[in-house]
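Engineer: Provided below for reference: sequence and predicted model.
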Amino acid sequence: MVNVTGLGEVVLNVRDLGRSLAFYRDLLGLAVISPPEMRTPVFLRAGDAAPGLPAMVVLVQLGSEAAPIGSPRSLHHLALTVGEGSLSEIEQTLRRAGLEVRHGQHPVLTMPTLYVFDPDGNEVELIAPLPDRAST
């Protein structure tokens with residue numbers, strides 16, 4: 001049996017790389033880690049998957065000849081962790097950016113979450129540990 005120890009990256013096809021960078025880099029704060037000369041795909045750091053191995057969101061610019069992204073999608077949603085107790089401030093930031101924000105609760109971890117859609121319609125869940133659970 002393979003012993004998977006974590007998730008290294010999620011790769012998303014995007015229609016407009018600039019618009020997606022504005023969402024993931026500028027709004028959510030993920031740092032670009034791919035070399036400047038690499039136009040696409042763009043690798044964004046989303047914390048650490050393991051020591052010395054970043055967790056990544058990778059944006060791949062689709063060509064103009066690509067078929068429309070249809071429904072149903074095979075990606076249900078992407079979940080990103082954020083700082084302890086930060087959901088209220090994050091919600092305000094997302095709403096100021098004109099995004100519709102939904103509230104939820106993780107079904108297993110029983111932690112509050114926020115949901116938004118990225119520019120390509122992918123649902124992004126933001127989950128923060130509760131202050132009393134952050135150290136456990």
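Structural biologist: Thanks, I have the structure now. A quick note: this is a predicted structure, and the numbers were derived from the prediction, not measured.
Engineer: Give me the contacts around the helix or strand hosting I90.
Structural biologist: Per DSSP states H and E: I90 is located in helix 87-96. Contacts to helix 87-96, defined as Cβ atoms under 8 Å, 6 or more residues apart in numbering, come from residues 27, 82, 101, 112-114, 116, 126, 128. In this view, the C-beta of every residue, glycine as well, is placed from N, C-alpha and C.
Engineer: are any of those residues buried, and which?
Structural biologist: Buried members of the contacts of helix 87-96, counted by 16 or more other Cβ atoms under 10 Å: 27, 82, 101, 113-114, 116, 126, 128.
Engineer: so for the helix holding I90, what's the average pLDDT?
Structural biologist: The average pLDDT for helix 87-96 rounds to 94.
Engineer: how about that helix: buried residues?
Structural biologist: Within helix 87-96, the residues that count as buried by 16+ other Cβ under 10 Å are 87, 90-91, 94.
Engineer: So which elements touch the helix or strand following that helix?
Structural biologist: Remark: after helix 87-96, the chain's next helix or strand is strand 102-105, criterion DSSP H and E. Where contact means 3 or more Cβ pairs under 8 Å, 6 or more residues apart in numbering; DSSP states H and E, strand 102-105 is packed against strand 112-117.
Engineer: Okay, now the sheet partners of the strand it packs on, with direction.
Structural biologist: Using DSSP bridges, strand 112-117 pairs in its sheet with strand 102-105 (antiparallel), strand 123-127 (antiparallel).
Engineer: The last one: which residues count as buried?
Structural biologist: Spelled out, it's strand 123-127. Residues of strand 123-127 classed as buried by neighbour count (16+ other Cβ under 10 Å): 124-127.
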